[in-house]
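K.L.:
no sequence on this one, just coordinates:
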Ligand code: FCB
């Protein structure tokens, strides 16, 4: 493989999220989140797993900061649990929750690691959901902005990069229509409201952060994927285009162009949320950077029985991880096709079609079956190869002028993978959930080496 040459100043990081790692679900005055509730419902999560203890970082994060230092990471993306800071989601502030994140930020800075703070990674305060339906209610946007301000007042003098929302598409779609994520709703009317109010909340929060700290860089992390028609027929191409509108452009277009994509929006007329005058101005041009979460591509075919959209993503059977993939194609343990070229195409397309935005890859990585450590080693070649290929493609994108400034591996440590519980390991660091012992995997050592070589190369050039 050719050496991976990333631009000077490129940030190498790793990412996690609060519910997936922290545990401490009721510690020090934390309120309940919709995930605390959802994971207790029978049959929703693999083997009834919950995030009650997770990777236990609420009790102790120092060991992980130390690991990050040893790996040589430049940046760490983590999320703040809203109900830890505001137990009811609005009003009362729990100072102890803020204290925790302040200690974490200070420890990172001391280790020379830049904090990238995500404000909402799906763990909405349960009270906000119960009282008003969370983001399905317009007031959800306002409460989110108030919460962002509370956090910024405490941490804004030390945090340079903010990610308002993580994958609002997933929260809206899985949480409000598919029902397989918290809050578990299956209501098509709640769906587009959750989309619009998350975007509005993002825009309002971005303005508050900047008003307090003009130098703050504010972004959003979107789950983006490239859609490819299964065949070169007109019908399949139309299906791929509709899927692109439904997943990618539903968020990209309002953020960069100030409007929802026309064809899709037309189809969804009966479900339209109320858009108030000025909303689209709050949302549009609100980004200093775009966070790209990329894992796989999706192939799509026309399907006449699927209402409204007439499309079917071909990755679904493989997603069940039943081993029935296309021969010759590699899949991760999630059943997702390993397709690094899709990341290049996505990055290049963002440059061409959305005005060359500043991009951080805020998530990329893969779950594979890792055997527990033997003599302190976890051999995860497949993950190492996955990271290597995607970083190589990122470097290639930078060479053709994509303004990509950093990359965050998902994930720093093995964690609670939503409906799959602890049955999917994404970490470059292995976690033994019984003892909370950490072991850096081979992929982690490989990443550390890449970072070291990158820095040596730069200092050699000086
Ligand atoms: C993303 C989520 C993240 C993790 C990865 C595998 O959709 O943002 O929390 O679950 O997928």
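P.N.:
Perfect, I can see it now. All of these numbers come straight from a predicted model, not from anything done at the bench.

K.L.:
need the three-state assignment for residue 142.
P.N.:
helix (DSSP: H, G, I helix; E, B strand; the rest coil).

K.L.:
per-residue pLDDT, the closest residue to it other than its chain neighbours?
P.N.:
Excluding the flanking residues, the one nearest residue 142 by Cβ to Cβ, 6 or more residues apart in numbering is residue 204, at 6.8 Å. Where C-beta positions appear, they are placed from N, C-alpha and C, glycine not excepted. Note on residue 204: pLDDT of 98.

K.L.:
in the stretch 351-462 of the chain, which spans are helices?
P.N.:
Assigned by DSSP state H, counting those that start in this stretch, the stretch 351-462 of the chain shows helices spanning 381-399, 442-461.

K.L.:
packed most tightly, which of the ones you listed would that be?
P.N.:
Neighbour counts (mean count of other Cβ atoms under 10 Å) averaged over each of these peak at helix 381-399, with a mean of 20.

K.L.:
other SSEs contacting that one?
P.N.:
helix 340-353, strand 359-364, strand 404-410, helix 442-461 (3 or more Cβ pairs under 8 Å, 6 or more residues apart in numbering; DSSP states H and E).

K.L.:
could you dump the helices of the stretch 351-462 of the chain into CSV and include distance to the ligand and mean pLDDT?
P.N.:
Output for the helices of the stretch 351-462 of the chain, formatted as CSV (distance: least, Cβ to the nearest ligand atom, whole Å; pLDDT from 0 to 100):
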stretch, distance to the ligand, mean pLDDT
helix 381-399, 13, 98
helix 442-461, 15, 94
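
K.L.:
nearest to residue 375, out of these?
P.N.:
The stretch from these with the least distance to residue 375 (Cβ to Cβ) is helix 442-461; that distance is 12.6 Å.

K.L.:
that closest one packs against which elements?
P.N.:
Helix 442-461 packs on strand 11-15, helix 62-71, helix 381-399, going by 3+ Cβ pairs under 8 Å, 6+ apart.

K.L.:
and residue 125, what are its phi and psi?
P.N.:
phi -60, psi 130 (degrees, to the nearest 10).

K.L.:
what sits against the residue nearest to it when sequence neighbours are not counted?
P.N.:
Closest residue in space to residue 125, ignoring its immediate chain neighbours: residue 89 at 3.2 Å, by Cβ to Cβ, 6+ apart. By Cβ atoms under 8 Å, 6 or more residues apart in numbering, the contact list for residue 89 reads 31, 82-83, 124-125, 127-128, 143, 147.

K.L.:
go on, residue 412?
P.N.:
Residues near residue 412 by Cβ under 8 Å, 6+ apart: 14-16, 64, 67-68, 76, 427-429.

K.L.:
who in the stretch 201-350 of the chain is up against the ligand?
P.N.:
223, 293 (Cβ under 6 Å from any ligand atom).

K.L.:
residue 291 contacts residue 218, doesn't it?
P.N.:
No. Using Cβ atoms under 8 Å, residue 291 makes no contact with residue 218, being 10.4 Å away.

K.L.:
higher neighbour count, these two?
P.N.:
Neighbour count, other Cβ atoms under 10 Å: between residue 291 and residue 218, residue 291 has more, with 28 against 23.

K.L.:
which secondary structure element is home to the more buried one?
P.N.:
Using DSSP states H and E, residue 291 sits in strand 289-293.

K.L.:
which residue packs closest to residue 358, ignoring adjacent ones?
P.N.:
residue 289 (4.2 Å).

K.L.:
tally of neighbours for that neighbour?
P.N.:
The local packing of residue 289 (other Cβ under 10 Å) involves 23 other residues.

K.L.:
what residues are up against it?
P.N.:
Contacts of residue 289 (Cβ under 8 Å, 6+ apart): 161, 217-219, 357-360, 405.

K.L.:
with residue 292 instead?
P.N.:
Each residue near residue 292 by Cβ under 8 Å, 6+ apart is listed here: 221-222, 224, 346-347, 350, 359-363.

K.L.:
which one of those residues is nearest to the ligand?
P.N.:
residue 363 (5.7 Å; Cβ to the nearest ligand atom).

K.L.:
give me the neighbour count for that closest one.
P.N.:
Using other Cβ under 10 Å, the number of residues around residue 363 comes to 24.

K.L.:
OK, contacts around it?
P.N.:
15, 221, 291-295, 408, 410.

K.L.:
if you set the cut-off to 10 Å instead, what comes out?
P.N.:
The contact partners of residue 363, taken as Cβ atoms under 10 Å, 6 or more residues apart in numbering, are 14-15, 17, 77, 166-167, 221, 223, 291-295, 407-411, 426.

K.L.:
returning to what we had before: just the angle between the strand holding residue 291 and strand 404-410, please?
P.N.:
40 degrees (axes from the mean of the first three to the mean of the last three Cα atoms, to 10 degrees).

K.L.:
neighbouring strands for strand 289-293, and are they parallel or not?
P.N.:
Sheet pairing of strand 289-293 (DSSP bridges) gives strand 217-223 (parallel), strand 359-364 (parallel).

K.L.:
now it: mean pLDDT?
P.N.:
Across strand 289-293, pLDDT averages out at 99.

K.L.:
how far does that strand sit from its chain's centre?
P.N.:
Distance of strand 289-293 from its chain centroid, counting by Cα atoms, centre = their mean, to the nearest Å, is 9 Å.

K.L.:
which residue packs closest to residue 27, ignoring adjacent ones?
P.N.:
Using Cβ to Cβ, 6+ apart, the closest residue to residue 27 is residue 58 (5.8 Å).

K.L.:
on that earlier part again, and the residue nearest to residue 125, helix, strand or coil?
P.N.:
coil.

K.L.:
quick revisit: make JSON lines from the contacts of residue 89 and add neighbour count, secondary structure and distance to residue 270 to it.
P.N.:
Compiled in JSON lines, the contacts of residue 89 are given as follows (neighbours: other Cβ atoms under 10 Å; DSSP: H, G, I helix; E, B strand; the rest coil; distance: Cβ to Cβ, whole Å):
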{"residue": "31", "neighbour count": "22", "secondary structure": "coil", "distance to residue 270": "35"}
{"residue": "82", "neighbour count": "29", "secondary structure": "helix", "distance to residue 270": "31"}
{"residue": "83", "neighbour count": "29", "secondary structure": "helix", "distance to residue 270": "34"}
{"residue": "124", "neighbour count": "24", "secondary structure": "coil", "distance to residue 270": "26"}
{"residue": "125", "neighbour count": "27", "secondary structure": "strand", "distance to residue 270": "30"}
{"residue": "127", "neighbour count": "20", "secondary structure": "helix", "distance to residue 270": "30"}
{"residue": "128", "neighbour count": "27", "secondary structure": "helix", "distance to residue 270": "26"}
{"residue": "143", "neighbour count": "25", "secondary structure": "helix", "distance to residue 270": "27"}
{"residue": "147", "neighbour count": "25", "secondary structure": "helix", "distance to residue 270": "32"}
